[in-house]
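# need a structure here:
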Amino acid sequence: MAIQTINPATNQIEKTFEEFSLESVFNIIDDVDNSFQNWKQTTFAERNLLMKNAAEVLKTNKYDYAKIIVTEMGKPITQAVSEIEKCAWVCEYYAENAEEFLQKEFISTDASESYIQFEPLGIVLAIMPWNFPFWQVFRFAAPAIMAGNACILKHASNVPMCALSIEEIFEKANFPKNLFRTILIGSSEVEEVINHPKIKAVTLTGSEYAGRQVAKYCGKFLKKSVMELGGSDPFIVLEDADIELAVKTGVTARLINNGQSCIAAKRFIVVEKVYNEFEKKFVELMSKVKIGNPMEESTQLGPIAREDLLSELEFQVRHSVECGAVILCGGKRVNSKGLFFEPTVLSNVKKGMPAFDEEIFGPVASLIKVKDEEEAIEVANDTKFGLGASLWTQNIEKAKYIAGKIESGSVFINGMVKSDPRLPFGGIKNSGYGRELSHYGIKEFVNIKTVWIK
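Residues are numbered from 1 along each chain as shown. Next comes the predicted model:
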């Protein structure tokens, strides 16, 4: 089967790649395992140097890599450049902190000496999505490699150029040959790859459906896994919020990455005393967003990444309207060759509609009016997802209390949800399990070994 790069801004095929055979994939696994056997013996100082090299490669070539992102999935160029810069940051962060994070931990017990040490597992298979095609990879790869592991990347089939470029970055940074490899395969081959005895762990970022399938394989073959799945993040606005700032941030939080982010604000839960003001200003700002060529720096909103995703988005909006939602602006595909969808605001959104129940992956905001903060918490938690949440109030003590009531992996008070190498990232409920980033993330793929001495 051919794997293709289709530019979503033009809907034209840019490049075609042949899928790897399973035989070639298994040969790659053997090569990566051979590289791992040497890599696990290296010092943190050696790893530090090479990971900082990778950061420099990223920074030096950030515009070239950003253009590949834009070509393959339509992210606006300014955001694509920022994504590459963030990848460099996570490389530098783990280069500087991995040794400290993985130091032996001495515990006082009945032994003469007892401690915990952290050892690499082996090959980590990463199954990654197209929406942040560099960042999602580097936020797993930097800690995994600094911990002494090796990596194989099975990227989304619509971003093969990104996938091969990332392998090239590790080569340019002078990492050992075959320590990081990309395999171009479809989803139907994933089970057999996970079953390979030299694959020791799996990390997946993607849809709830993909997570369920891969988690099933990992359970079947007893492989450690981390799952970062979808979200329907609440953006809660209380009556004492800074409305101007909440509106401005909310539009950015909904439209980041063309609305195709697991942690994008999706359900805007606003108390009734400020609802009308918020709705008016929010719709005004959403209506002014510039849609266009994602290669142009002035563009704020680019295309949806694939035709099937755009069709699904259209269906979700149409079905929500049939169930009673009201379109305040946008609501339809842009009449162009590319896969563009208008910035859209839906009001009167209620449980039972796709705009409430499902993850909406596109520039569509759902407005939900509630009577008070207690109902806001109830509505925020009334979802199968639990990734992130944003809360807006000037009463910080109240905000801290509410943060403890919200069922999610993170709560951002008076700011939009984002990932940061210094903070753990991940979700609960159907948003997955495990954590990436911070010192928690680097310990997901190590053997936490107890040593007891008498």
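# contacting residues for residue 10?
Residue 10 makes contact with 337-338 under the criterion Cβ atoms under 8 Å, 6 or more residues apart in numbering. Where C-beta positions appear, they are placed from N, C-alpha and C, glycine not excepted.
# what do you get for residue 321?
Contact analysis of residue 321 by Cβ under 8 Å, 6+ apart lists 327, 331, 346.
# let me have those residues in TSV, adding secondary structure and neighbour count as columns.
Output for those, formatted as TSV (DSSP: H, G, I helix; E, B strand; the rest coil; neighbours: other Cβ atoms under 10 Å):
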residue	secondary structure	neighbour count
327	strand	17
331	coil	20
346	strand	27
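# nearest to residue 168, of those residues?
Set against residue 168, the nearest of these by Cβ to Cβ is residue 331 (41.4 Å).
# can you point out the buried residues in the longest helix along the chain?
Counting residues, the longest helix found in the chain (DSSP state H) is helix 77-101. Across helix 77-101, burial judged by 16 or more other Cβ atoms under 10 Å covers 77-81, 83-84, 86-95, 97-98, 101.
# which secondary structure elements does the lowest-mean-pLDDT helix or strand in the chain contact?
In the chain, the helix or strand scored least confidently by mean pLDDT, DSSP states H and E is strand 2-7, which has a mean of 94. Applying 3 or more Cβ pairs under 8 Å, 6 or more residues apart in numbering; DSSP states H and E, one finds that strand 2-7 contacts strand 12-18, helix 62-73, helix 160-172.
# measure the residue nearest to residue 271 when sequence neighbours are not counted to residue 376 for me?
Closest residue to residue 271 apart from its sequence neighbours, by Cβ to Cβ, 6 or more residues apart in numbering: residue 239 at 5.0 Å. To residue 376, residue 239 is 10 Å away according to Cβ to Cβ, to the nearest Å.
# wait, isn't residue 278 in contact with residue 237?
Yes. Using Cβ atoms under 8 Å, residue 278 is in contact with residue 237, at 5.8 Å.
# between those two, which has more neighbouring residues?
Taking other Cβ atoms under 10 Å, residue 278 and residue 237 do not tie; residue 237 has more neighbours (28 against 22).
# for that one, what are its contacts?
Going by Cβ under 8 Å, 6+ apart, residue 237 touches 243, 246, 250, 268-271, 274, 278, 392.
# turn the helices and strands packed on strand 2-7 into a markdown table, including distance to residue 453 and mean neighbour count.
Converted to a markdown table, the helices and strands packed on strand 2-7 look like this (distance: least, Cβ to Cβ, whole Å; neighbours: other Cβ atoms under 10 Å):
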| stretch | distance to residue 453 | mean neighbour count |
| --- | --- | --- |
| strand 12-18 | 53 | 12 |
| helix 62-73 | 49 | 21 |
| helix 160-172 | 38 | 20 |
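# rewinding a little: which residues are in contact with both of residue 278 and residue 237?
243, 246, 268, 270.
# ok, the second one to residue 314 distance?
Distance check for residue 246 against residue 314: by Cβ to Cβ, it reads 28 Å.
# of those two, which one has the most company?
residue 246 (25 against 16).
# would you agree that one is in contact with residue 278?
Yes. If you go by Cβ under 8 Å, residue 246 and residue 278 touch, sitting 6.9 Å apart.
# that older thread, which element follows the longest helix of the chain toward the C-terminus?
strand 105-106 (DSSP states H and E).
# rounded mean pLDDT for that next one, please.
For strand 105-106, the mean per-residue pLDDT is 98.
# same check on stretch 411-429?
98.
# how about stretch 195-214?
Here the average pLDDT along stretch 195-214 is 98.
# so for that stretch, what gets flagged as buried?
Under 16+ other Cβ under 10 Å, the buried positions of stretch 195-214 are 196, 198-206, 208, 210-211, 213-214.
# from those residues, which ones fall inside strands?
With strands defined by DSSP state E, the entries of those inside them are 199-205.
# which two of those residues have the greatest separation?
200 and 205 (18.5 Å).
# what sits against residue 451?
Contact analysis of residue 451 by Cβ under 8 Å, 6+ apart lists 113-117.
# that one: which element?
strand 446-453.
# and for residue 46, the neighbour number?
11.
# before we move on, the earlier item: so which bits of the strand holding residue 451 are buried?
residue 446.
# taking the centroid of the protein, which residue is nearest it?
What sits nearest the mean C-alpha location of the chain, by Cα atoms, centre = their mean, is residue 136, with 5.5 Å.
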